[in-house]
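Colleague: Give the three-dimensional model of this entry:
(one chain, ligands or ions: 2)
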Amino acid sequence: MNKTTKIYIAGHRGMVGSAIWRALEAKGYTHLIGKTSKELDLKSQPEVADFFECEKPEVVIDAAARVGGILANNNYPYQFLMENMQIQNNLIDSSLKADVAKFIFLGSSCIYPKLAPQPLKEEYLLTGPLEPTNEWYAIAKITGVKACEAIRKQFGKDYISLMPTNLYGTHDNFDLTTSHVLPAMIRKFHEAKQPQLSMLSEVEADKEHLPVTLWGSGTPMREFLFVEDLADAVVFALENKFQDNLYNVGTGVDLTIKELAELIQKTVGHTGEIIWDSSKPDGTPRKLMDVSKMTDAGWKAKVGLEEGIKRTYEWFLENQENFKEVKL
Ligand SMILES: NC(=O)C1=CN([C@@H]2O[C@H](COP(=O)(O)OP(=O)(O)OC[C@H]3O[C@@H](n4cnc5c(N)ncnc54)[C@H](OP(=O)(O)O)[C@@H]3O)[C@@H](O)[C@H]2O)C=CC1
Ligand SMILES: C[C@H]1O[C@H](OP(=O)(O)OP(=O)(O)OC[C@H]2O[C@@H](n3cnc4c(=O)[nH]c(N)nc43)[C@H](O)[C@@H]2O)[C@@H](O)[C@@H](O)C1=O
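Modeller: Ligands and ions are numbered 1, 2, ... in the order given. Below is the predicted model of the structure:
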């Protein structure tokens, strides 16, 4: 691997792909390739095969996927299963055929069984039933992990899978129907304090913040990784040869959704009531990553949750006018 290696980042405009792009640029990599979904539909096998034939990338990072929070996953099982399998199958198979030397596949912590022991070790994969709200997405991701593992086993190529925990950060999806919990909370708390500010003094507005409705019971536990840390882990994986095929990427620390709500409420400055809507799903009770394999390999997360939330909120404030609503 050198700084002129031709690296294709699939999904380079997304939250993760764009962070990886910035991280590689900052390290001096000069031959980065990216295509939007309009320019190249990764669901189309012929289009992807032509692209590989023409561009001949040497390294591929797969950050393209149909991604969403608990409700989107639960409501659109077919898209989450089929689109993700199509995208990753086309990328992995074309990479193998085009003799791509290194492939990094990104999965998700939801690949592990719903009630697996905590923290989640890589070896717990396929040892029990999945969480029903995201089993479709999880099954697609598991087939991606297995495809890379099969290539590694059969052809001896450096194809690896990184399993990130729940991610958040700049360029996140703030659409309230399809987003994950952390950006949803930032937007909900922010908007609940907005209407009053224009009409009342700040002191009065503090008392008058609208209530915020959050989903489920608030008792599930989640681990959150700032997207720049994930990008750093991907660059680390790119620059080092790993001995194995599957590595968890996280902080190794989690908190309840209620604790997260209180932290974001404080950061945003909302002082109103929080209502918990029990008609919405809780999802898996806990999915804390065991990150010792990555730590042993020499990588660990740097950005703490409070700092990451502050940076994400700042980005939200600067960019909120430009959000496109993501609807499935
Ligand atoms: N967000 C999270 O909490 C987590 C994410 N991950 C994984 O990280 C990866 C990136 O996720 P994230 O950045 O959050 O997702 P985003 O939704 O922000 O980005 C996904 C990207 O995929 C591209 N894409 C989707 N469908 C197609 C298609 N048919 N053809 C071409 N490109 C397509 C989009 O391209 P375009 O913009 O051009 O339409 C977009 O840039 C995914 O593999 C995801 O599973 C893992 C754990 C947690
Ligand atoms: C990354 C991961 O993301 C998804 O799994 P998830 O962790 O369950 O996703 P989530 O972030 O959407 O929710 C986390 C928790 O938070 C609660 N919650 C409260 N209030 C809001 C809220 O307003 N919005 C959302 N989205 N959740 C809320 C919500 O009820 C749940 O208990 C997977 O489908 C899967 O695709 C995957 O891999």
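Colleague: For Lys188, which non-adjacent residue is spatially closest?
Modeller: Distances taken as Cβ to Cβ, 6 or more residues apart in numbering put Val212 closest to Lys188, at 4.8 Å, once the chain neighbours are dropped. (Glycine included, C-beta is placed from N, CA and C.)
Colleague: Show me what that neighbour is bridged to.
Modeller: Ile274 (DSSP bridges).
Colleague: Enumerate every residue touching it.
Modeller: Met185, Lys188, Phe189, Ala192, Gln265, His270, Gly272, Glu273, Ile274, Ile275 (Cβ atoms under 8 Å, 6 or more residues apart in numbering).
Colleague: burial measure for Asn248, as a count.
Modeller: 26 (other Cβ atoms under 10 Å).
Colleague: Make sure I have this right: it is in a strand.
Modeller: Yes: Asn248 forms part of a strand when assessed by DSSP: H, G, I helix; E, B strand; the rest coil.
Colleague: which residue sits closest to it in space, ignoring its chain neighbours?
Modeller: Met289 (4.3 Å).
Colleague: Show me what from the stretch 51-200 of the chain comes close to ligand 1.
Modeller: 63-67, 87, 106, 108, 164, 166-167, 173, 180 (Cβ under 6 Å from any ligand atom).
Colleague: quick one, what contacts the closest residue to ligand 1 within the chain?
Modeller: Residue nearest to ligand 1 within the chain: Gly14 (2.1 Å; Cβ to the nearest ligand atom). Shown in contact with Gly14 (Cβ under 8 Å, 6+ apart): Ala63, Ala64, Val67, His171.
Colleague: rewinding a little: in ChimeraX, select just the buried ones from the residues of the stretch 51-200 of the chain next to ligand 1.
Modeller: Remark: buried members of these, expressed as a ChimeraX selection using 16 or more other Cβ atoms under 10 Å:
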select :63,64,65,66,67,87,106,108,164,166,167,173,180
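Colleague: just to revisit the earlier point, check the spacing between the residue of the chain closest to ligand 1 and ligand 2 real quick.
Modeller: Distance, Gly14 to ligand 2, using Cβ to the nearest ligand atom, to the nearest Å: 13 Å.
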